[in-house]
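Participant: Task: produce atomic coordinates for the following.
(chains A, B, C and D)
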Number of protein chains: 2
Amino acid sequence: MASISKRPTMIDVARRAGVSSMTVSRALKPNTSVSDGTRERIQKAADELGYVLDSTAAGLSSSRTGFIAVTIPSINNANFADTLRGIVERLRDTNMQVLLGYTNYSTAEEERLIEQFLQRRPEAIVMTGGAHTERCRMLIENSGVPIVETWDLPEVPLGDVVGFSNAEAGRLMVRHFYDQGYRKIGFIGGDTSRDTRGLDRRRGFVQALEELGLETDRLIGSGPPPISMREGAASMKKMLSDWPDTDAVMCVSDLSAFGALTECQRAGMRVPDDIAIAGFGAYDIAEHAIPAITTVDAAALSIGENTAEILLRRLGDADEETPAPSTLIAPKLLARGSTVRPL
Amino acid sequence: MASISKRPTMIDVARRAGVSSMTVSRALKPNTSVSDGTRERIQKAADELGYVLDSTAAGLSSSRTGFIAVTIPSINNANFADTLRGIVERLRDTNMQVLLGYTNYSTAEEERLIEQFLQRRPEAIVMTGGAHTERCRMLIENSGVPIVETWDLPEVPLGDVVGFSNAEAGRLMVRHFYDQGYRKIGFIGGDTSRDTRGLDRRRGFVQALEELGLETDRLIGSGPPPISMREGAASMKKMLSDWPDTDAVMCVSDLSAFGALTECQRAGMRVPDDIAIAGFGAYDIAEHAIPAITTVDAAALSIGENTAEILLRRLGDADEETPAPSTLIAPKLLARGSTVRPL
DNA sequence: TTGAAAGCGGTACCAT
DNA sequence: ATGGTACCGCTTTCAA
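Facilitator: Have a look, this model is predicted:
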């Protein structure tokens, strides 16, 4: 076991095993040419000393840090958590590790994080969305680190993209409302540029209303993200007060949709008979609320898995010949009791 | 700007500014003795070259990596996310960075993570709970890295502790039920040793029932964590089928409590008139459900903040004289409509 | 299969 | 206030 003093190094292990430190270095990694006997001896010596590889030194020497930097807007968000999980789980059996940061939906904070991360020499960077400060773009392009942008379809991508059209998600919902016979349709949230994805959903939503020749002024801004149940409830209250005859509302997320739903129920309204409510994100709550909330599933987990796959292809020894394709996810509408009247 | 070739190093900056690399090193950190003029010149040269510090090299040289490793059971859990946020936000203005891993409630996975993290030479490690594999304990003790265990009161702590008694949380709820006149009281979840905190809540719960001379067999196990709405609903179904006269149920978390609540509502039962339901964790959903769900608030955010504070005291240049105290959090019961009958 | 030597890019330490 | 130098612990490279 380790003595009370300094941590043992490869040289200590080498000495104990009667080999050079170079052989120790090899023996500790798979697929290296070290005779079985030597490898065993070295492994034993390392165990006895309680040796632990210093990947800081390894990283400096090899200029491969094994870090993948990932920024998400918020940790406490089931969608981004799922994407992160997809990345982490796909990376588990590699020697890559995720360096996580959350931006709190702020591009300034994102810039700060990226600047910090770049000092760690990550081998790739995964970001949520395509909205970045000018300086952030510059830092990234300057660094030459491969990028994947997710959850969005940036107009000027920094690298690969694994995302979907948020505008399309909004459009899908308008069509669903329309098919169900709703005509006085509103939207809650997605008003601020901090949440560009929410903003895009609202844009697509409004655009689809226009195409159908429907009114487009039933829009309630719920302020800066994260938008949760409280904001959803407050916004619905305002909606009902400003446009009492509204018959369908999409909320920027399922959480705010649940808040809106409870607000309606407190007001004694029946959902969907008096008013239809829908959300976004396919959260658990949407499935379990009574009535269940119609939502759009953007395949958060799959975004993460695809992202990791692309990265491994870029970094790993995988077939470099096939360039990793930008992956376009198709958002799916899940119609449920909060918008569909029982027969 | 950076050329197409290799990243510039301090030596490049030094050359350009006409100083030694040592002076560059100093100039790039605050509170170092470098004349204003020199510092400016160096800063300018660094900017022009697009220089980015390599903290891998810095870490190797100074044996201060700036990493704090943190393991939590699950990313997608508002409680742990809040604790993490408390840590990260307190650390933001320091040069410490969080290295996050999630164990999926598995001590084996925790061991794997810790082993990986130790190679990064973190300056401290924060873990959730006090349950670890033997090997994990050994690795940690061997490493000499300062530890904080959170969300629990381990019998044999590895270092500092910022937590609370989960058993007490269970006891609190039994007393509340009793005060409200409930006598046929059950518990959902917390049956597996993977979630030792849930298990402790259930233990305290059962113990308090015993002390009051009440039946203690209305226990539904909901299987391995994470326990969410679906499991809560299924467990409540079983509870109502096995013990139809149950009049109060605590669930291991607010998410499962919400699932249980919806199950009761689907079954046409009134809450709390026919049955009372309570949860744990003070999630948003507990506040916004109809009726609002009685819960226990364990101050997740504050656990994180306290943890970070302790770490900074241990690592930083702060007053070393006062040894950082183990911080005991008192869980608070929030009584709400799901257990309290209106007058 | 194994080893020797030269860095990787910074910082500690000691001079000046 | 600034510079020189050794060295952090490992891997790359080249030789044997």
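Participant: quick one: contacts for A:Val249?
Facilitator: Each residue near A:Val249 by Cβ atoms under 8 Å, 6 or more residues apart in numbering or on different chains is listed here: A:185-188, A:218, A:236, A:239, A:260, A:275-278. No exception for glycine: its C-beta is placed from N, CA and C like everyone else's.
Participant: Write the ChimeraX selection for whichever of these are buried.
Facilitator: To isolate the buried subset of the contacts of A:Val249 in ChimeraX, counting by 16 or more other Cβ atoms under 10 Å in any protein chain shown, use the following:
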select /A:185,186,187,188,218,236,239,260,275,276,277,278
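Participant: any idea which of the contacts of A:Val249 is the one closest to chain B?
Facilitator: When the contacts of A:Val249 are compared for distance to chain B (Cβ to the nearest Cβ), A:Ala260 wins out at 10.5 Å.
Participant: how about the closest one, what does it touch?
Facilitator: Counting by Cβ under 8 Å, 6+ apart, A:Ala260 touches A:188, A:232-233, A:235-236, A:239, A:249, A:251, A:277.
Participant: at 6 Å what do you get?
Facilitator: Taking Cβ atoms under 6 Å, 6 or more residues apart in numbering or on different chains, we find A:Ala260 in contact with A:232, A:236, A:251, A:277.
Participant: And the last one, how far from A:Asp217?
Facilitator: Spelled out, that is A:Ile277. Applying Cβ to Cβ, to the nearest Å, the value for A:Ile277 to A:Asp217 is 19 Å.
Participant: now do the third one
Facilitator: Counting by Cβ to Cβ, the gap between A:Cys251 and A:Asp217 amounts to 17 Å.
Participant: if we can go back for a sec, next step: the contacts of A:Ala260 restricted to strands.
Facilitator: If you go by DSSP state E, the contacts of A:Ala260 have A:251, A:277 in strands.
Participant: Could you list the low-pLDDT ranges of chain A?
Facilitator: Low-confidence segments of chain A, defined by pLDDT under 70: A:1-5, A:317-325.
Participant: For the most centrally placed residue in chain A, which three-state class applies?
Facilitator: Geometric centre of chain A, nearest residue: A:Phe80, 3.6 Å, by Cα atoms, centre = their mean. On the three-state scheme (DSSP: H, G, I helix; E, B strand; the rest coil), A:Phe80 is labelled helix.
Participant: how many other residues sit next to the closest residue to it other than its chain neighbours?
Facilitator: What sits nearest to A:Phe80 in space, not counting adjacent residues and going by Cβ to Cβ, 6 or more residues apart in numbering or on different chains, is A:Ile72, at 4.1 Å. Residue neighbour count, defined by other Cβ atoms under 10 Å in any protein chain shown, stands at 26 for A:Ile72.
Participant: same question, the one 5 residues further on
Facilitator: By the measure other Cβ under 10 Å, the count of residues near A:Asn77 is 25.
Participant: One more: A:Asp82?
Facilitator: A count of nearby residues for A:Asp82, using other Cβ under 10 Å, gives 23.
Participant: Can you give me the domain assignment for chain A?
Facilitator: Taking automatic domain parsing as the criterion, chain A consists of the domains A:1-51, A:59-164+A:299-329, A:166-297.
Participant: most packed of the ones you listed?
Facilitator: domain A:166-297 (a mean of 22; mean count of other Cβ atoms under 10 Å in any protein chain shown).
Participant: Which residues are in contact with A:Glu110?
Facilitator: A:71, A:103.
Participant: ok, 8 Å please
Facilitator: By Cβ under 8 Å, 6+ apart, the contact list for A:Glu110 reads A:71, A:103, A:127, A:132-133, A:136.
Participant: With just CA atoms, put the one helix or strand it maps to into PDB.
Facilitator: Here A:Glu110 sits within helix A:107-118, counting by DSSP states H and E. The C-alpha coordinates for helix A:107-118 follow below in PDB (Å, rounded to 0.1, in the frame of the first residue of the first chain):
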ATOM      1  CA  THR A 107     -24.400  33.100 -24.100                       C
ATOM      2  CA  ALA A 108     -22.200  35.200 -21.900                       C
ATOM      3  CA  GLU A 109     -21.900  32.400 -19.400                       C
ATOM      4  CA  GLU A 110     -21.400  30.000 -22.300                       C
ATOM      5  CA  GLU A 111     -18.500  32.100 -23.400                       C
ATOM      6  CA  ARG A 112     -17.000  32.100 -19.900                       C
ATOM      7  CA  LEU A 113     -17.300  28.300 -19.800                       C
ATOM      8  CA  ILE A 114     -15.800  27.700 -23.200                       C
ATOM      9  CA  GLU A 115     -12.900  29.900 -22.400                       C
ATOM     10  CA  GLN A 116     -12.400  27.900 -19.200                       C
ATOM     11  CA  PHE A 117     -12.800  24.600 -21.000                       C
ATOM     12  CA  LEU A 118     -10.400  25.400 -23.800                       C
END
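Participant: Is there contact, residue-wise, from it to DNA strand C?
Facilitator: No. Helix A:107-118 stays clear of DNA strand C (Cβ under 7 Å from any atom of the strand), getting no nearer than 11.2 Å.
Participant: From the chain's centroid, how far away is stretch A:38-48?
Facilitator: 41 Å (Cα atoms, centre = their mean, to the nearest Å).
Participant: ok, that stretch near DNA strand C or not?
Facilitator: Yes. Using Cβ under 7 Å from any atom of the strand, stretch A:38-48 reaches DNA strand C at A:38-39.
Participant: Up against chain B, what does the stretch 151-300 of chain A have?
Facilitator: A:228-230, A:233, A:255, A:258-259, A:262, A:265-266, A:284-285, A:287-290 (Cβ under 8 Å from any Cβ of the partner chain).
Participant: redo that, cut-off 10 Å
Facilitator: A:228-230, A:232-233, A:255, A:258-259, A:261-263, A:265-266, A:283-285, A:287-290, A:292 (Cβ under 10 Å from any Cβ of the partner chain).
Participant: okay, how far is it across stretch A:315-330, tip to tip?
Facilitator: End-to-end span of stretch A:315-330 (Cα to Cα, to the nearest Å): 26 Å.
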